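Colleague: Compute the structure for the input listed below.
(one chain, ligands or ions: 1)
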Amino acid sequence: MKAVIVGAGMGGLSAAIALKQIGVDVEVYEQVTENKPVGAAISVWSNGVKCLNHLGLEKEVAALGGIVDTMSYVDAHTGDTLCRFSMQPLIDEVGQRPYPVARAELQLMLMNAYGIDDIHFGKKMVSVTDGPDHATVEFADGTTATADLVIGADGAKSLTREYVLGGPVTRRYAGYVNFNGLVPIDPAIGPATEWTTYVGDHRRVSVMPVAGDRFYFFFDVPMPEGEPFERGTAGAVLAEEFADWAPGVQKLIAALDPSTTNRVEILDLDPFHTWVKGRVAVLGDAAHNTTPDIGQGGCSAMEDAVALQFAVQDHPDDVHAALAAYAAARTERAGELVLRARKRCDVTHGKDPEKTAAWYAELQGEDGTNILRGIVGNILGGPLT
Ligand code: FAD
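Modeller: Modelled structure (predicted):
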């Protein structure tokens, strides 16, 4: 069986490794000319780590991952700790430690695992077509690639999705902007092995460790869509937006490098259940575009990759049956994660201010039980449970 994968993000590369692992002849096409991921880092929750372990990357991801032993919530203005608790009950329950990982390093790890020299860079897909015997992708340079199946892992603005659904979709602005980057670990911002989150004013400022003594940080700022922003000015913007926040937040703003700080408007897409058209299927953000509020978009893409491997393994001679099994295994689970993230997003960012105020009150003195239960609920339910 031959597969063409369009998109060398974390979804496409995980799928490429997964299919190669079971002997599928895989070709990967990527529009960019080099490895330049957007965003600083992600938290790979235990379900995502289990997928990477399954792909043979256990040591590699552990080497890149930050160690998060505790979680805490901190009052935005006073800097008082509202609650702090161990991650160990979660690790014990799901059987795997989560790892925050720098994006560029995760991406390079996946590229090397697949074979970076085998990725066809600079190939922008402009159309995909399905036929009785094969599917064909056409690129902007006029060349084509043909295979028994095409996996569109072409991200949130997927062209493959448009083909599979028979037309374009409109994504939804979630109401906030996320600024993110990496800074050296500094205990004045948060403890070195803790995921620390400052909350207040319907905003959130968070730091968590990644390998190399760095914190991945992000700021969530509710604001209208399409506000002007000049790259390089994040420090000044955040200093103004968070002027009256706690000293740890001021330290973070002073430490960040404005030239490498990313600013992302957060959008998502209503779940949909048609993931396959003939020999063409979507995977990753192309199939389920979520807000990052539960840190599951990339993990879900990794789950897709493993589910696709299982489906092809179960139907080695029947592409249509394999893709149907893949979609059946994934659409409900992935859609549920999108909706869970949307719900979390609304509470965090003050869609209903009373609910957000109630959440702040709950955090005071919380022993972690409720929060960890929610995270375990996100983690469980994938192909490797
Ligand atoms: P992408 O990573 O977008 O990759 C798609 C690839 O396809 C790109 O390389 C692109 O260049 C290529 N491509 C697109 N169109 C074409 C074309 N026409 N031809 C050829 N190539 C094409 N997830 C988590 O699990 N944990 C987190 O903590 C987390 N935090 C996040 C924080 C933020 C601020 C955001 C925005 C997202 C976060 N996510 C997180 C989600 C995660 O980043 C995505 O779910 C993940 O990147 C999806 O991977 P993907 O491979 O499907 O898509």
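Colleague: Run through the helices of the stretch 251-385 of the chain in chain order.
Modeller: 297-314, 319-348, 353-363, 369-379 (DSSP state H, counting those that start in this stretch).
Colleague: In a markdown table: the ones you listed, plus mean pLDDT.
Modeller: As requested, the helices of the stretch 251-385 of the chain are exported to a markdown table (pLDDT from 0 to 100):
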| stretch | mean pLDDT |
| --- | --- |
| helix 297-314 | 98 |
| helix 319-348 | 98 |
| helix 353-363 | 98 |
| helix 369-379 | 98 |
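Colleague: Counting neighbours, what do you get for Pro271?
Modeller: Pro271: 18 surrounding residues under other Cβ atoms under 10 Å. In short, each C-beta sits where N, CA and C put it, glycine included.
Colleague: Single out the most deeply packed of the helices of the stretch 251-385 of the chain.
Modeller: By mean neighbour count, with neighbours taken as mean count of other Cβ atoms under 10 Å, helix 297-314 ranks first of the helices of the stretch 251-385 of the chain at a mean of 25.
Colleague: For the ligand, tell me whether that one is touching it.
Modeller: Yes: contact between helix 297-314 and the ligand, assessed by Cβ under 6 Å from any ligand atom, occurs at 297-299, 301.
Colleague: Contact partners for the residue of the stretch 101-250 of the chain found nearest the ligand?
Modeller: Going by Cβ to the nearest ligand atom, the ligand is nearest to Gly155 of the stretch 101-250 of the chain, at 3.0 Å. Counting by Cβ atoms under 8 Å, 6 or more residues apart in numbering, Gly155 makes contact with 7, 9, 284-286.
Colleague: Thr356: which of the residues you listed is nearest?
Modeller: Nearest to Thr356, judged by Cβ to Cβ, of these is Asp285 at 27.1 Å.
Colleague: Helix, strand, or coil at the residue of the stretch 101-250 of the chain closest to the ligand?
Modeller: coil (DSSP: H, G, I helix; E, B strand; the rest coil).
Colleague: give the contact list for the closest residue to it other than its chain neighbours.
Modeller: Nearest residue to Gly155 in three dimensions, chain neighbours excluded: Asp285, at 4.9 Å (Cβ to Cβ, 6 or more residues apart in numbering). Contact analysis of Asp285 by Cβ under 8 Å, 6+ apart lists 9, 11, 155-156, 158, 297, 301.
Colleague: Leu283 touches Ile151, doesn't it?
Modeller: Yes: the pair Leu283 / Ile151 is scored as a contact, 5.2 Å apart, by Cβ atoms under 8 Å.
Colleague: residues shared between the contacts of those two?
Modeller: Residues within reach of Leu283 and of Ile151 at once, by Cβ under 8 Å, 6+ apart, are 12, 15, 308.
Colleague: ok, now which ones touch the last one?
Modeller: Taking Cβ under 8 Å, 6+ apart as the criterion, Leu308 is in contact with 15, 18-19, 151, 281, 283, 326.
Colleague: Adding distance to the ligand, write these out as JSON lines.
Modeller: Output for the contacts of Leu308, formatted as JSON lines (distance: Cβ to the nearest ligand atom, whole Å):
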{"residue": "Ala15", "distance to the ligand": "9"}
{"residue": "Ala18", "distance to the ligand": "13"}
{"residue": "Leu19", "distance to the ligand": "15"}
{"residue": "Ile151", "distance to the ligand": "10"}
{"residue": "Ala281", "distance to the ligand": "13"}
{"residue": "Leu283", "distance to the ligand": "7"}
{"residue": "Tyr326", "distance to the ligand": "15"}
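Colleague: Can you tell me which of those is nearest Asp92?
Modeller: Using Cβ to Cβ, the contacts of Leu308 come closest to Asp92 at Ala18, 27.6 Å.
Colleague: tell me the SS of the closest one?
Modeller: helix.
Colleague: And for Tyr173?
Modeller: For Tyr173, the assignment made with three-state DSSP gives strand.
Colleague: biggest separation within the contacts of Asp285, which pair?
Modeller: It's Ser158 and Gly297 that sit farthest apart of those, by Cβ to Cβ, at 13.3 Å.
Colleague: ok, now how distant is the residue nearest in space to the middle of the chain from Gly284?
Modeller: Closest residue to the average C-alpha location of the chain: Gly298 at 3.0 Å, with Cα atoms, centre = their mean. Distance of Gly298 to Gly284, computed by Cβ to Cβ, to the nearest Å: 8 Å.
Colleague: Between those two, which contacts overlap?
Modeller: Counting by Cβ under 8 Å, 6+ apart, the shared contacts of Gly298 and Gly284 are 10-11.
Colleague: how near is the nearest residue to Ala63 once chain neighbours are set aside to Glu105?
Modeller: Nearest non-adjacent residue to Ala63, counting by Cβ to Cβ, 6+ apart: Ala211, 6.6 Å away. Distance of Ala211 to Glu105, given as Cβ to Cβ: 7 Å.
Colleague: what does Ala243 give?
Modeller: Distance from Ala243 to Glu105, by Cβ to Cβ: 33 Å.
Colleague: Neighbour count: the two, which is higher?
Modeller: Glu105 (19 against 10).
Colleague: Leu64 is in contact with that one, correct?
Modeller: Yes: contact criterion Cβ under 8 Å: Glu105 and Leu64 qualify, at 4.9 Å.
Colleague: Please identify the residues of the protein in proximity to the ligand?
Modeller: 6-12, 29-32, 39, 42-43, 48, 124-125, 153-156, 159, 178, 180, 264, 284-286, 292, 295-299, 301.
Colleague: Pull out the buried members of those.
Modeller: The neighbour count (16 or more other Cβ atoms under 10 Å) marks 6-12, 29-31, 39, 42-43, 48, 125, 153-156, 159, 178, 180, 284-286, 292, 295-299, 301 as buried among the residues of the chain next to the ligand.
Colleague: What strand or helix carries the residue nearest to Pro168 when sequence neighbours are not counted?
Modeller: In this structure, Pro168 finds its nearest non-sequential neighbour in Glu162, 5.2 Å apart by Cβ to Cβ, 6+ apart. For Glu162, the host element (DSSP states H and E) is helix 159-165.
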